[in-house]
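Trainee: Model the following, please.
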Amino acid sequence: MTTTPSEYLQRDQPEGVPPLALTGERTLPDVPEENYWYRRHLVVYEWIAEQVRGLRVIDMACGEGYGTDVLARLAAGAVGVDANPEAHEHARLRYRRRNLRFERDLVDTFTEEADAVVFLQTIEHLQDPGAVLAHFRSLLGTGGCVYVSTPNVLTLAPKGAPRSGNPWHVHEYRRAEFERLCREHFGTVALYGLFHARKLRAHELALRLGWDRVHARLGLTARFYDRFTPAIAASDFALRAAGEANLERALDFLAVCRP
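Mentor: So this is what the prediction gives:
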């Protein structure tokens, strides 16, 4: 299910919308080989969308724009912010709603009051994450909330390795370190973990029983994963609170932060 960054392009884009290439810096919809990672991110956006119903929300480092569009379905207004010119242009052309707009800017310089700020799978890319979190807090109105997610280095990196091989990541977090960073800037932090569910959980158990050896020996690898990966849905992941699961084993962490 791991996709090697390459010249994979998005398929079946609307007329006039330039497809984006998969580089490994951000995930993309409409790339079958990338579907695992896209759905892994999408399920968190869908959960947050329910929390920000009727609110003004900023989606920082929004990338391709699919997540901002999900938020806009229920939010009073959604702004997607990204500095990359190709991603910004793609998002602006593809996702159109009355309550949705995209701005090309840096996450640490874009300024607009909001009820919620969303910052998913990006804090690991930053040299100074504390300054960015402090900036997000300054944008919140009364009762506002910041949602921050990041991969768990313990499940992202190869066993025994200090970090993954992702060249875009500056620092990858363990649970305690990530929670401590968030608590340095917010009075209340609720931590959640993302886990495999349904068929991904079954696949996880099969791997423990030696499935990798079996499909390789039988020559089924390409045929199996060419069907399995595009069939993964957001419902094949589950977001659980700290009291419901061992977050040390989570795929990703989601911090819900309030001043």
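Trainee: At which residues are the strands of the stretch 51-200 of the chain located?
Mentor: Taking DSSP state E, counting those that start in this stretch as the criterion, the stretch 51-200 of the chain contains strands spanning 56-60, 77-81, 100-103, 114-120, 140-151, 188-196.
Trainee: what's the angle between the first one and strand 140-151?
Mentor: With axes from the mean of the first three to the mean of the last three C-alpha atoms, to 10 degrees applied, the angle from strand 56-60 to strand 140-151 works out at 40 degrees.
Trainee: could the strands of the stretch 51-200 of the chain be laid out in TSV, adding mean neighbour count and distance to H215?
Mentor: Where you see a C-beta, it was placed from the backbone N, CA and C, and this is true even at glycine. Shown next, in TSV, are the strands of the stretch 51-200 of the chain (neighbours: other C-beta atoms under 10 Å; distance: least, C-beta to C-beta, whole Å):
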stretch	mean neighbour count	distance to H215
strand 56-60	27	38
strand 77-81	25	39
strand 100-103	20	41
strand 114-120	25	32
strand 140-151	20	25
strand 188-196	19	18
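Trainee: Including mean pLDDT and distance to G160, could those strands go into TSV?
Mentor: Output for the strands of the stretch 51-200 of the chain, formatted as TSV (pLDDT from 0 to 100; distance: least, C-beta to C-beta, whole Å):
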stretch	mean pLDDT	distance to G160
strand 56-60	98	33
strand 77-81	98	37
strand 100-103	98	41
strand 114-120	98	27
strand 140-151	96	17
strand 188-196	98	21
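Trainee: For R175, find the nearest of those.
Mentor: Among those, strand 188-196 comes nearest to R175, with 7.3 Å by C-beta to C-beta.
Trainee: Mind putting the strands of the stretch 51-200 of the chain into CSV with distance to H171?
Mentor: Converted to CSV, these look like this (distance: least, C-beta to C-beta, whole Å):
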stretch, distance to H171
strand 56-60, 18
strand 77-81, 22
strand 100-103, 26
strand 114-120, 15
strand 140-151, 9
strand 188-196, 18
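Trainee: and stretch 118-132, which residues are buried?
Mentor: V118, F119, L120, Q121, T122, I123, E124, H125, L126, P129, V132 (16 or more other C-beta atoms under 10 Å).
Trainee: CA atoms of stretch 48-61 as CSV?
Mentor: Taking C-alpha atoms only, stretch 48-61 is exported to CSV below (Å, rounded to 0.1, in the frame of the first residue of the first chain):
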residue,chain,number,x,y,z
ILE,A,48,-13.6,17.6,11.9
ALA,A,49,-16.3,18.7,9.5
GLU,A,50,-18.9,17.5,11.9
GLN,A,51,-17.2,19.5,14.7
VAL,A,52,-17.1,22.8,12.8
ARG,A,53,-20.6,22.7,11.5
GLY,A,54,-21.9,26.3,11.1
LEU,A,55,-18.4,27.8,12.0
ARG,A,56,-15.8,29.9,10.2
VAL,A,57,-12.8,27.6,9.5
ILE,A,58,-9.3,28.0,8.0
ASP,A,59,-7.6,25.0,6.5
MET,A,60,-3.9,25.7,6.6
ALA,A,61,-1.6,24.0,4.1
